[in-house]
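> sequence below, structure please.
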Amino acid sequence: MSLPAVVPAPASIERGQGKPFRLHGGTAVAGETDAAAALLAVVEARTGLTLTGEGRLGVDLRVDPSTGGPESYRITAEAASVVVTGADAAGLFYGVQTLAQLLTRDGEEWIIPAVEITDAPRFAYRGVMLDVARHFHPVETVKGYIDRAASVKLNALHLHLTDDQGWRLHLDSRPKLAERASGTSVGGDPGGFYTKDDYREIVAYAAANHMIVVPEIDMPGHTHAVGLAYPELAEAPSIDEHMREVIRAYGGGEPTPGVPYEGLAVGFSSLRIDDEATYDFIADVFGELAAMTPGPYLHLGGDESLSTTDEDFASFIARASAIIADLGKTPVAWHEAGAASGIADTTVGQYWGFVTPTGGMDERARAFVANGSQLILSPADAIYLDMQYPSGPELGLTWANGPTSVERAYAWEPSDVISGIDDSDILGVEAPLWTETVRTAADIDLMAFPRIAAAAEAGWSPATGTSDLRTWESFRARVGELGPLWTSLGIGFHPSDEIPWVTE
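The predicted structure is shown next:
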């Protein structure tokens with residue numbers, strides 16, 4: 001008999017010898033209140049059962065630090081009971097997510113198969129990024145994405161809050177940013193911004209789902225929107241022939257100082273590197289953001305600063321990262337910032353290059369490790385969730401080595417991407433979702449699922465080759481069995497023909 005389908009693959013799963021646990025309206029759920037509420041909600045969504053807790057047999061939810069390391073859990077399911085034990089509240093929460101995947105229909109009844117699971121994450125940081133700058137997404141959409149990401153044991157939401165096309169957060173210290181730089185999106189679509197209360201609501205909702213929020217204020221490039229609000233801080237757009245080619249391909253026209261930018265070209269904007277007012281601005285922005293962000297990380301961007309000289313870029317990154325570090329936060333920057341010799345040595349690098357690095361991307365990434373810090377891996381040709389599928393919706397782009405299949409999203413190993421980098425150098429894995437073509441919550445679902453599950457398995461599960469479950473054939477079968485669960489949770493996933501989807 002095959003093992004139950006669990007995604008991401010657990011560290012250890014064994015089929016029990018006895019009969020399954022049978023679920024019914026009288027099944028009792030005892031133990032930690034928040035975890036119980038999460039379980040009751042997913043059981044009702046999946047099965048239609050409202051558990052009254054009046055029965056003798058039930059599900060016991062416990063926290064016991066001796067279970068293992070942070071976020072680990074254990075499940076023992078048999079005919080008489082189901083016990084989920086987390087090493088901490090997060091571990092218990094992840095155990096509940098696994099339990100939801102174990103729910104199986106047996107004729108007219110719902111069961112949890114007899115099983116023993118012992119599980120723990122491979123990497124501490126397992127993230128998704130949502131770009132709310134190219135297209136703005138309201139609070140409810142962000143909260144829905146948190147629900148979905150947490151269900152596959154991801155624990156960080158990286159919000160790309162600013163770009164050439166818009167600034168998406170009100171700050172008391174710089175109110176003109178929201179007033180003047182938030183009104184539009186790519187293609188002239190409506191814009192928007194989060195109030196400070198909106199941002200706090202997102203942070204609190206993420207925390208309730210055991211996720212941190214990592215806010216990104218991208219600089220010194222990707223800053224055309226800053227110039228709409230504070231023109232004295234921004235250089236005039238720098239346009240070369242490559243950018244004109246992008247504009248011809250995607251439309252949107254050339255950027256103009258003081259005019260909202262609605263196109264897709266990148267690399268033309270920059271803050272004024274030699275002006276002290278720029279660093280006052282950075283101190284204001286990150287200081288206010290730090291006060292609202294309980295998580296340890298603030299992301300300063302640093303990518304595609306094509307109109308900034310190498311010397312100016314290095315000077316800027318050194319000063320900006322020091323400002324963040326002095327706030328007691330850990331700076332995060334895209335891998336290009338590794339070229340800045342004076343970067344704060346606590347800065348975490350985020351690698352967005354290809355699975356096989358090109359153009360010195362790997363050298364810049366290794367610089368963060370040489371400084372004594374770590375890397376987040378986001379290989380664009382594997383887990384950029386905004387890339388087109390080989391077949392399916394028209395949404396998405398193709399610049400990262402063409403369309404990205406579900407198999408390609410799965411078939412990479414984090415420790416193999418950058419030579420000389422092993423697990424101890426890797427903070428974790430993150431799957432970005434850029435939104436040049438992604439306008440709605442339904443678009444997010446379609447582009448993220450099922451490929452987000454591949455990224456989750458790369459971040460949570462044992463390394464490729466160390467577990468029988470860590471194969472493409474195992475993964476595609478396990479994901480296929482989750483189709484009914486995802487549907488019951490309202491996730492409008494892409495029905496990729498690579499996956500043998502199970503229907504009920």
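> any low-confidence regions in the protein?
For the chain, applying pLDDT under 70 flags the ranges 1, 54-56.
> which residue is nearest the middle of it?
The residue lying closest to the centre of the chain (C-alpha atoms, centre = their mean) is Val128, at 0.4 Å.
> state the three-state secondary structure for it.
strand (DSSP: H, G, I helix; E, B strand; the rest coil).
> repeat that for the one 5 residues further on.
Three-state call for Ala133 (three-state DSSP): coil.
> next, count neighbours for it.
Neighbour count of Ala133, defined by other C-beta atoms under 10 Å: 27. In this view, the C-beta of every residue, glycine as well, is placed from N, C-alpha and C.
> one more: Ala370?
Counted with other C-beta under 10 Å, Ala370 comes out at 12.
> which strand or helix spans Ala30?
Assigned by DSSP states H and E, Ala30 falls within strand 28-31.
> just the residues contacting that strand, thanks.
36, 39-40, 51, 53-62, 84 (C-beta atoms under 8 Å, 6 or more residues apart in numbering).
> sheet-wise, list the partners of that strand with their directions.
strand 58-63 (parallel) (DSSP bridges).
> the inter-axis angle of the very next helix or strand once past the strand it pairs with versus strand 58-63?
Going down the chain from strand 58-63, the next helix or strand is strand 73-77, by DSSP H and E. Orientation check (axes from the mean of the first three to the mean of the last three C-alpha atoms, to 10 degrees): strand 73-77 against strand 58-63 gives 160 degrees.
> centre of the chain to strand 73-77, how far?
Offset of strand 73-77 from its chain centre (C-alpha atoms, centre = their mean, to the nearest Å): 27 Å.
> how close does His137 get to Ser182?
Relative to Ser182, His137 is positioned 13 Å away (criterion: C-beta to C-beta, to the nearest Å).
> now the nearest residue to Ile75 once chain neighbours are set aside, what's its secondary structure?
Of all residues not flanking Ile75 in the chain, Ile117 sits nearest, at 4.2 Å (C-beta to C-beta, 6 or more residues apart in numbering). Three-state assignment for Ile117 (three-state DSSP): strand.
> which residues does Ile117 contact?
6, 10, 12-14, 73-75, 98.
> can we see that at 6 Å?
Contacts of Ile117 were listed using C-beta atoms under 6 Å, 6 or more residues apart in numbering, and they are 10, 13, 75.
> same question, Val115
4, 16, 77.
> for the residue nearest to Asp60 when sequence neighbours are not counted, helix, strand, or coil?
Excluding the flanking residues, the one nearest Asp60 by C-beta to C-beta, 6+ apart is Val83, at 4.8 Å. Of the three states, Val83 takes strand according to three-state DSSP.
> Val83: neighbouring residues, count only.
Neighbourhood size, Val83 [other C-beta under 10 Å]: 16.
> closest to Pro403 among the contacts of strand 28-31?
Leu39 (37.8 Å; C-beta to C-beta).
> thought the closest one was touching Gly95?
No: using C-beta atoms under 6 Å, Leu39 is not in contact with Gly95, being 9.4 Å away.
> just the buried subset of the contacts of strand 28-31, written out for PyMOL, thanks.
Selection of the buried residues among these in PyMOL, burial being defined by 16 or more other C-beta atoms under 10 Å:
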select buried, resi 36+39+40+51+58+59+60+61+62+84
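> which among the contacts of strand 28-31 gets closest to Arg148?
Once C-beta to C-beta is applied, the member of the contacts of strand 28-31 that ends up nearest Arg148 is Leu39, at 17.2 Å.
> now do the strands in the stretch 251-400 of the chain.
297-301, 330-334, 348-351, 375-377 (DSSP state E, counting those that start in this stretch).
> winner for burial among these?
Burial of those is given as mean neighbour count (mean count of other C-beta atoms under 10 Å); strand 375-377 ranks first at a mean of 28.
> and the contacts of it?
Contacts for strand 375-377 (C-beta under 6 Å, 6+ apart): 349-351, 365, 368, 414, 417, 426-430.
> if we use 7 Å, what do you get?
By C-beta atoms under 7 Å, 6 or more residues apart in numbering, the list of residues contacting strand 375-377 from outside reads 125, 127, 348-351, 365, 368-369, 414, 417, 421, 425-430.
> that strand pairs with which strands, and in what direction?
Paired neighbours of strand 375-377 in the sheet (DSSP bridges): strand 348-351 (parallel), strand 426-433 (parallel).
> can the ones you listed go into TSV with extra columns for distance to Pro357?
Formatted as TSV, the strands paired with strand 375-377 follow (distance: least, C-beta to C-beta, whole Å):
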stretch	distance to Pro357
strand 348-351	8
strand 426-433	15
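> out of the ones you listed, flag the one nearest Ala45.
Comparing these by C-beta to C-beta, strand 426-433 comes nearest, at 23.6 Å.
> now the angle between strand 330-334 and the closest one, please.
Going by the same axes, to 10 degrees, strand 426-433 makes 60 degrees with strand 330-334.
> measure how far strand 426-433 is from the centre of its chain, please.
7 Å.
> again with stretch 176-187
So, by C-alpha atoms, centre = their mean, the centroid of stretch 176-187 is 24 Å from its chain's centroid.
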